[in-house]
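Colleague: Based on what follows, work out the 3D shape:
(2 chains, ligands or ions: 1)
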Amino acid sequence: MIKLEPEILQAVEKPARYTGHELNAVHKDWDEVDCHFALAMADTYEVGMSNLGLKILYEVLNNRQDTACERVYAPWTDMEAIMRERSIPLFSLESFTEIKKFDFLGFTLQYEMIYSNILNMLDLAGIPIWTKDRSDVDPFIVGGGPTVYNTEPIADFFDFFILGEGEEVISEVAKTFVKWKREGKPGGRKGFLKEVAKLEGIYVPSFYNVKYNEKGYFSSIEPKEPEARAKIYKRVIKDLDSVHFVEKPVMPYIGIVHDRIMLELFRGCTRGCRFCQAGTSYRPIRERSREYLRELARKLVDSSGYNEMSLTSLSSADYSCLGELVDDLFADFEGEKVSFSLPSLRIDSFSIDLAHKMQQVRKSGLTFAPEAGTQRLRDVINKGVTEENLMTAVEAAFKQGWKQVKLYFMMGLPTETDEDIVGIARLAEKVARKYKEVKGKWGVTVTISVSCFVPKPHTPFQWFGQLPKDEFERRQRLLKDSITERAVKFHYHDARVSVLEGAISRGDRRISQVIYQAWKDGAKFDGWTDLFKEDVWHEAFRKCGIDMKEYSERTRDFDEPLPWEHTTPGVSKDFLKREWNKAVAEQLTEDCRRGKCSGCGVCPSLKVDIVDWKRKEGEVKANV
Amino acid sequence: MYKYRAQLTKGDEIRYISHLDYAGVMERAIRRAKLPAAYTEGFNPHLKMSFASPLSLGVTSDAEYMDFELTKPLCQPEIFDKLSAALPPGIRLIKLKPVKEPKPCEGKKHKALMAEVEQGIYEVVAPLTGDWDEAVKAVAAYNAASEVNYHRVTPKKTRDIEVKQYMLEPVKIGMSGDWVKLTMNISITQTGSIKPVEILELLHNEYGLPVALGRALINRSKLMGQGKDLIDLV
Ligand code: SF4
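Modeller: Numbers count the residues shown, from 1 in each chain, chains lettered A, B, ... in the order given. This next block holds a predicted model:
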């Protein structure tokens, strides 16, 4: 058991990050269970504690009699320095046990820029960084989460990955482990990996041979163990009402990023935005029932004491019974002073009315995501939103009293020209002027937040070469100079980080060497702008003899094998190609939620169906 | 409105949470307890609750006081049990009393909880690193001094504080195992006070008290007004 002296805790920022004992945390007797699972996020306590997936898995694992699940997050740099100086190993927040003693250490892979932190945590735990160096005394290192659809850049650091939704499979993993352990651990470490590889959705990277061609490009990946599948499909929950959702969230003593209840209405989004990886990787749409959500909301308010609830999903306003659900919740919590919010709004007046209803008096800002500045480019990315939609929505919002609007855009999308960039400024200005028109005076703030587009695996833009950093920066300046209205404020992302993300997210196994080198040379918390060390990363690529631009800027051939195709969310390459062709032809694709199936392949290949409580039965059937 | 005063602890588990976080934790506990709590008006309603003197980060307490209001009068045992059951690890409810507001004819209302605080008693324990005699001498010298200055540095300003004006009694020293135990009785005024950790620092740095400062633990054992525990003022 790790005990931290007062002088350590007095010396660090936010010591309660490291002291545990939260309400609803689960404490089990270490010797009473067979399987010890540490769930980790390679980011701060405040970020990690806000992650919904971890909350769910924590409860799923702890609901098993044979398993104890505990939490661990990345210590902040001040704490890390002390831990290194005093040789304090990374520990869990429940029993303060050394992480190295656990059977599993599972990381949620939220974004590429936390990879260096993962290595840092392994190192702080005293666990060998490379999979090949681990022995029977080390935990199995597991990864799952959004970036799992290209795990090759970190494949050599992990024992196995879980693809897709984890509620069912994580329990299968624990069960497999307990069985293997009780049988006397036949075959040792590899013996267990062979067993776990048999489960659907599990990818054991060390069971494959990777080949590269004479040009140095990835050419193939093939199983070398009989248990390994040639292609691994994600796991998907067919009926979300049938699996466990958070009921007793661990309650932090200090403020965290999302310090409220998160009620997940549904999974999947089939609006079909062509840049969006979440859109392809969480398909199809599956809604929880209104009754179940009501029940969950009650349990969560009672067990947490929170007075704020966010109705989360990829596009919450699309929940088929949203109006009714909100009415139910208002009735259920009348007099309890619970406030509800939607994390993102659809660009239409239904959403505005709903938001108005939810935020009776307090009118914080509204957020919309037109994503591109011109209709042409919005058609390219299949963002089915017109300027008129936006104007109608903001008009309704201004009439209801909102004074702050935030608009999200992307820069560097395929086919983008300077005209599209200037279009962002024009659109924002029109929104600002709409306010004047409605209210007869100025007084609005329109904030445009522009990120740098990073092409992602398993999207229609997966072949597209990302813009060079300098070009992003030129376009940022162009946009800045194009804004003439004082009411428009401009925020943009750090292009240096986006191009690195671009290289890593479409990387192959050789990138692990670069990540390792960068971490060795001091990279950590790369997602935190003030800690991001651009030079270290560039130097790491150079030291490894790898050209970063080959990964970020090179446009891939359609028929070129891609290093992530064997780990798939189920969307077919044909569909992605079709969508690319439609993109350049500026043609739209319908949302399959209510419209016709666009044949992405997910439903037939995963044997799953859309669950939308208001879709007319039999209207849509997936193209098999 | 029906007002109650609670005496609570801040245990070792939550030693390192701030005063503001402690208030947030209590607000959620009252909500979990399903008490008919009274809220402030406005866009962002908050529970009507107030606290006595804030505790420094790292200090535990047996004497945290909170006043809160309910919209219905419930009997004391019911509130006590419901609130106790809803508290997180690290907080215990020791006592609970209704605050009897005097009738208007009886004169002035209760002072705000914060304003009632006049005195705090703290226990400080720290491992002894030298001679016991030396320790006793150091404390005696401090107690004998007529004036002691503490140089307080905060991000905003630095200033010298005369400490002895806040000492209601001489610092007492005792022993438990290898640990020194100091008892400090400190006056808390509207215009200022001195923190036990600051006295400990002075004892160590200026008077040579041989203890391991970095391992010292501080606990507030009492918080008083008019010579009584705050819970007995209602
Ligand atoms: S298979 Fe068809 S219905 Fe299913 S998610 Fe894909 S496009 Fe939609």
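
Colleague: domains for chain B, by residue range?
Modeller: Here the domain parsing of chain B from automatic domain parsing is B:2-116, B:119-225.

Colleague: Let me have these in a markdown table, extended by mean pLDDT, mean neighbour count and distance to A:Arg594.
Modeller: For the C-beta atoms, the positions are set from N, CA and C on the backbone; glycine is no exception. Listed next are the domains of chain B as a markdown table, based on pLDDT from 0 to 100; neighbours: other C-beta atoms under 10 Å in any protein chain shown; distance: least, C-beta to C-beta, whole Å:
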| stretch | mean pLDDT | mean neighbour count | distance to A:Arg594 |
| --- | --- | --- | --- |
| domain B:2-116 | 92 | 17 | 37 |
| domain B:119-225 | 95 | 16 | 57 |
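
Colleague: Serialize those domains to TSV and add fields for distance to chain A.
Modeller: As requested, the domains of chain B are arranged in TSV below (distance: least, C-beta to the nearest C-beta, whole Å):
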stretch	distance to chain A
domain B:2-116	3
domain B:119-225	3
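
Colleague: The ligand is nearest to which of these?
Modeller: Counting by C-beta to the nearest ligand atom, the ligand lies closest to domain B:2-116 out of the domains of chain B; the figure is 39.7 Å.

Colleague: ends of that closest one, how far apart?
Modeller: Its start and end residues considered, domain B:2-116 measures 19 Å (C-alpha to C-alpha, to the nearest Å).

Colleague: how about the closest residue to chain B within the stretch 301-450 of chain A, what does it touch?
Modeller: Distances between the stretch 301-450 of chain A and chain B by C-beta to the nearest C-beta are smallest at A:Gly305, namely 3.2 Å. Contacts here follow C-beta atoms under 8 Å, 6 or more residues apart in numbering or on different chains; on that basis A:Gly305 touches A:Met251, B:Glu27, B:Arg28, B:Ala29, B:Ile30, B:Arg31, B:Arg32, B:Ala86.

Colleague: What are the neighbouring residues in contact with the first one?
Modeller: Taking C-beta under 8 Å, 6+ apart as the definition of contact, the neighbours of A:Met251 are A:Glu22, A:Leu23, A:Asn24, A:Ser304, A:Gly305, B:Val25, B:Arg28, B:Pro88.

Colleague: which SS state does A:His262 fall under?
Modeller: Wrong residue type there; residue A:262 is Met, not His. Classification of A:Met262 by DSSP: H, G, I helix; E, B strand; the rest coil places it in strand.

Colleague: separation between it and B:Lys228?
Modeller: Using C-beta to C-beta, to the nearest Å, one obtains 46 Å as the distance from A:Met262 to B:Lys228.

Colleague: And the pLDDT for the residue of the stretch 301-450 of chain A closest to chain B?
Modeller: On pLDDT, A:Gly305 comes in at 96.

Colleague: if you skip the residues just before and after it, what's nearest to it?
Modeller: B:Arg28 (3.2 Å; C-beta to C-beta, 6 or more residues apart in numbering or on different chains).

Colleague: residues touching that neighbour, list them.
Modeller: Listed by C-beta under 8 Å, 6+ apart, the contact set of B:Arg28 reads A:Met251, A:Ser304, A:Gly305, A:Tyr306.

Colleague: what do you get if the cut-off is 10 Å, keeping everything else the same?
Modeller: A:Leu23, A:Met251, A:Ser304, A:Gly305, A:Tyr306, A:Asn307, B:Leu47, B:Ala86, B:Pro88 (C-beta atoms under 10 Å, 6 or more residues apart in numbering or on different chains).

Colleague: wait, is it part of a helix?
Modeller: Yes. B:Arg28 forms part of a helix when assessed by three-state DSSP.

Colleague: what about A:Met262 and B:Lys228, which has more around it?
Modeller: A:Met262 (21 against 13; other C-beta atoms under 10 Å in any protein chain shown).

Colleague: Quick check: that one touching A:Leu311?
Modeller: Yes. In this structure A:Met262 lies within contact range of A:Leu311 using C-beta atoms under 10 Å: 8.5 Å.

Colleague: Please identify every residue contacting each of those two.
Modeller: If you check A:Met262 and A:Leu311 against C-beta under 10 Å, 6+ apart, the residues they both contact are A:Pro343.

Colleague: For A:Lys181, which non-adjacent residue is closest in space?
Modeller: The shortest distance from A:Lys181 to any residue that is not its chain neighbour, by C-beta to C-beta, 6+ apart, is 5.6 Å, and that residue is A:Asp34.

Colleague: and A:Arg376, that's in a strand?
Modeller: No. Under the criterion used here (three-state DSSP), A:Arg376 is helix, not part of a strand.

Colleague: mind checking how far it is from B:Gln119?
Modeller: Separation of A:Arg376 from B:Gln119 (C-beta to C-beta) stands at 74 Å.

Colleague: same check, this time on A:Leu163
Modeller: On the measure of C-beta to C-beta, A:Leu163 and B:Gln119 end up 63 Å apart.

Colleague: do A:Glu172 as well
Modeller: For A:Glu172, the distance to B:Gln119 under the criterion C-beta to C-beta works out to 61 Å.

Colleague: go on, A:Phe157?
Modeller: As for A:Phe157, its distance to B:Gln119 is 58 Å (criterion: C-beta to C-beta).

Colleague: next one: A:Asp43
Modeller: Summarising the geometry, the distance separating A:Asp43 from B:Gln119, computed by C-beta to C-beta, is 44 Å.

Colleague: and which of the contacts of A:Met251 is nearest B:Leu202?
Modeller: Each of the contacts of A:Met251 was checked against B:Leu202 using C-beta to C-beta; the closest is B:Val25, at 32.3 Å.

Colleague: That closest one belongs to a helix, doesn't it?
Modeller: Yes. Going by three-state DSSP, the assignment for B:Val25 places it inside a helix.

Colleague: And stretch A:238-257, how far out from the chain middle?
Modeller: 16 Å (C-alpha atoms, centre = their mean, to the nearest Å).

Colleague: what comes up buried for that stretch?
Modeller: Of all the residues in stretch A:238-257, those buried under the rule 16 or more other C-beta atoms under 10 Å in any protein chain shown are A:240-241, A:243, A:245-254, A:256.

Colleague: Beta-bridge partners for B:Phe51, please?
Modeller: B:Met66 (DSSP bridges).

Colleague: Return the residues in contact with it.
Modeller: B:8, B:19-20, B:22-23, B:26, B:64-68, B:113-114.

Colleague: Noted, bye for now.
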